[in-house]
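J.: any chance you can model this:
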Amino acid sequence: MHYKTGNNKILRFLLIAAFAMPAVAIQAQVAPPVDSLKADSLGRHGRKIYPPRMYDLNRQYDFGDLVRNVLHPGGKTGTGHRGSAITVVPNVSANPTIGFQGGIKAVAGKKLGDDPNTLLSIGATSASITTKDIIYFYLNHNIFTSGNKWNLQGNLVVSKSITPDHGFGIGVGKAEGSYADQVLANPEHDGYAINSLYFNFREKVYKEIAKGLFLGAGMSFEVRRHITSKDTATNAIPISVYDNQHDLPRDHYAADGFLFNLEYISRDNPNRAYKGLYFDAGIRVNQTWIGSTKNAVQVTSDIRKYISLSSANPETVLALWNWGSYLLSGTLPYLELPGTARDGTFRSGRGYTAQYFKGTEFNDTEAEFRFPILANKFVSGVIFGNLQTANDEQGTKLFQVFQPGYGAGLRVLFNKVTRTNLALDYAFGKFGNRGFFLNLNEAF
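T.: Got it, this is the predicted structure:
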C-alpha cells in the first residue's frame, strides 16, 4: 500500500539511519539450507568461541546439558568438550517456502599450517527433501591458508525446486495498462508454481588486506533447466510475460558472472552476535561470452549491527540489518530477481514466502530485540519486524512503498560454546501471509 508523505519520510529516515550506523501459501523455491556455511564456522580465529568470563558458561544450560541430565541424573552442567573434527547431524528445518525439510548433514573442520592465528577451514555437505517435493544437495567449503593470507569460498548445488510466483513488484500492482502489464503486476496476488532443475557452482578467493577486512573476487554459474509452469507460451502468468518482454528462453537460462566483494567483520560470533558489525558489499557482472543468457551488472550490500543492552545479560541485544540488491544494467532472469528471502542466507522477510516481493531493485530493513527468558539462558525470546521495498514496471520506485512483516519467537540454546540456537518463529505479513519458521541460529 502507499503511505502518506509524512510516514514515507519517516520510513526513509529509518532506512537511511540503518545504513549510517556506527562504522558505517503456495509451493516455494528452496534455497541453500538455512544452516549455511557461514553458520557452520565456529569462530573468526578458527577456534571454538570461548566467551569472556563475564558470560560464565557454567551458569548456562544447553541441549547437551539436558541430554547428560537425562542419561546421568544429578550430574554437573558442563561447558562443552572437544569432539570429532567431523560432525554428522540431522538437517531439519521448516518455513512456508520449503515446508518441512528433513535430511542429513556432515561438517568437517581443520586448521591449515602452523600459524596459531589461522582461521579454521570448513567443509560441509547435505542432502535433504521437503514436504513440498523439493530435493536439495550441496557441497560447501571455506578454506583459510596459513596466517589467513588467502581465503577460498565456494559451493556446488543441485536441486529439484518449486518456486512460488506472486508477480513482479512490491504488491501494489494496478489493473491498468495492457493485459500483459496487469498479469505481470498481479494485483489479485494469485500464486503460481514454477518447477525447475537448478544447478549452481560458485568460487571466490579473498585476500586479507587489513585486520578483519577482506577483498575478494570469483565467479558464479547459476543454471536452470526444464522450467515448467501452468503457461509456457502465452502471457497467462507473470513469468511468461517477463520472459516475453525481455526475450528470455521459457524453459531454461544461465546466469554466469564475475564476483567482486569487500567484507569487514568485527562481530563477536557469527551464530549469535552480542556486539559488533558485519558488512559486505559486492558487485556481480554477468557476461554472455562466459555462458550467461543475458548481460547484467548487479550491486549488493549487507550491513548488520549488534548492540548489547545489558552487561549482566549480554544476550539482551538490539540487532539491526539492512540488505539490498540493485540491477545497474542489463537483464536478470525472472527467478534470479532480488526479493524476499533472496539474501545470502535466505532468511530475510519473515512473514512471506521466498520472492513474494521482487523487482530489479530491492531493499529489506529488519530489527530484532533478543532477550533471555530463563535465568540459565536455555530459553530466550525475540520480537522482530521488517520492511521490504522494491520497484515495479507500473511506475513504483524503490523506497516509495514499504510492506511490513512482524512476529515473535523462541530460542532454545543448542550449544552454549558456539552460541548455536534452535530458532522457532511465527511471523505475519500482508495479503493473508503468515507462517512458522524453524531454523538453526538467528536469522541474521
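J.: Met221: what secondary structure?
T.: I think there's a mix-up here, since residue 221 is Phe and not Met. Three-state call for Phe221 (DSSP: H, G, I helix; E, B strand; the rest coil): strand.
J.: so what's it up against?
T.: By C-beta atoms under 8 Å, 6 or more residues apart in numbering, the residues touching Phe221 are Phe199, Asn200, Phe201, Arg202, Ala254, Ala255, Asp256, Gly291. All C-beta atoms are positioned from the backbone trio N, CA, C, and that covers glycine.
J.: show the pLDDT at Val89.
T.: Val89 carries a pLDDT value of 67.
J.: next, format the contacts of Phe221 as a markdown table and append pLDDT.
T.: Shown next, in a markdown table, are these (pLDDT from 0 to 100):
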| residue | pLDDT |
| --- | --- |
| Phe199 | 95 |
| Asn200 | 93 |
| Phe201 | 94 |
| Arg202 | 93 |
| Ala254 | 97 |
| Ala255 | 97 |
| Asp256 | 97 |
| Gly291 | 96 |
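J.: of these, which is the most crowded?
T.: Among the contacts of Phe221, the one with the most neighbours (other C-beta atoms under 10 Å) is Ala255, at 23 neighbours.
J.: so that residue sits against Glu336, correct?
T.: Yes: counting by C-beta atoms under 8 Å, Glu336 is a contact partner of Ala255 at 5.0 Å.
J.: and Gln355, its phi and psi?
T.: phi 60, psi 30 (degrees, to the nearest 10).
J.: neighbours around it, how many?
T.: 26.
J.: ok, now which ones touch it?
T.: By C-beta under 8 Å, 6+ apart, the neighbours of Gln355 are Gln29, Thr163, Pro164, Asp165, His166, Leu335, Leu337, Gly339, Thr340, Ala341, Arg342.
J.: pick the one among the residues you listed closest to Phe144.
T.: Arg342 (27.5 Å; C-beta to C-beta).
J.: what are the phi and psi angles of Phe179?
T.: Careful, residue 179 is Tyr and not Phe. According to degrees, to the nearest 10, Tyr179 has phi -60, psi -40.
J.: tally of neighbours for it?
T.: Count around Tyr179 with other C-beta under 10 Å applied: 10.
J.: how about it, what does it touch?
T.: Contacts of Tyr179 (C-beta under 8 Å, 6+ apart): Asn235.
J.: do you know how far it is from Ala236?
T.: 10 Å (C-beta to C-beta, to the nearest Å).
J.: list the residues that contact both of Ala255 and Glu336?
T.: Common neighbours of Ala255 and Glu336 (C-beta under 8 Å, 6+ apart) are Glu222.
J.: got the contact list for Leu374?
T.: Counted by C-beta under 8 Å, 6+ apart, Leu374 has contacts Tyr61, Ser380.
J.: you'd agree it is in a helix?
T.: No: assigned with three-state DSSP, Leu374 falls outside any helix and is coil.
J.: may I have the predicted confidence score for it?
T.: 94.
J.: any idea how far it is from Arg59?
T.: From Leu374 to Arg59 the distance is 11 Å (C-beta to C-beta).
J.: how close does Pro238 sit to Gly173?
T.: Pro238 is 9 Å from Gly173, by C-beta to C-beta.
J.: which neighbours do the two have in common?
T.: Counting by C-beta under 8 Å, 6+ apart, the residues touching both Pro238 and Gly173 are Gly167, Leu184, Asn186.
J.: my guess is Val412 meets Val379, correct?
T.: Yes: at 6.1 Å, Val412 and Val379 qualify as touching, with contact defined as C-beta under 8 Å.
J.: just the strands in the stretch 201-350 of the chain please.
T.: Counting by DSSP state E, counting those that start in this stretch, the stretch 201-350 of the chain has strands at residues 213-228, 253-265, 276-286, 296-308, 317-330.
J.: reformat those as CSV; add distance to Gln400.
T.: Output for the strands of the stretch 201-350 of the chain, formatted as CSV (distance: least, C-beta to C-beta, whole Å):
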stretch, distance to Gln400
strand 213-228, 29
strand 253-265, 27
strand 276-286, 24
strand 296-308, 19
strand 317-330, 15
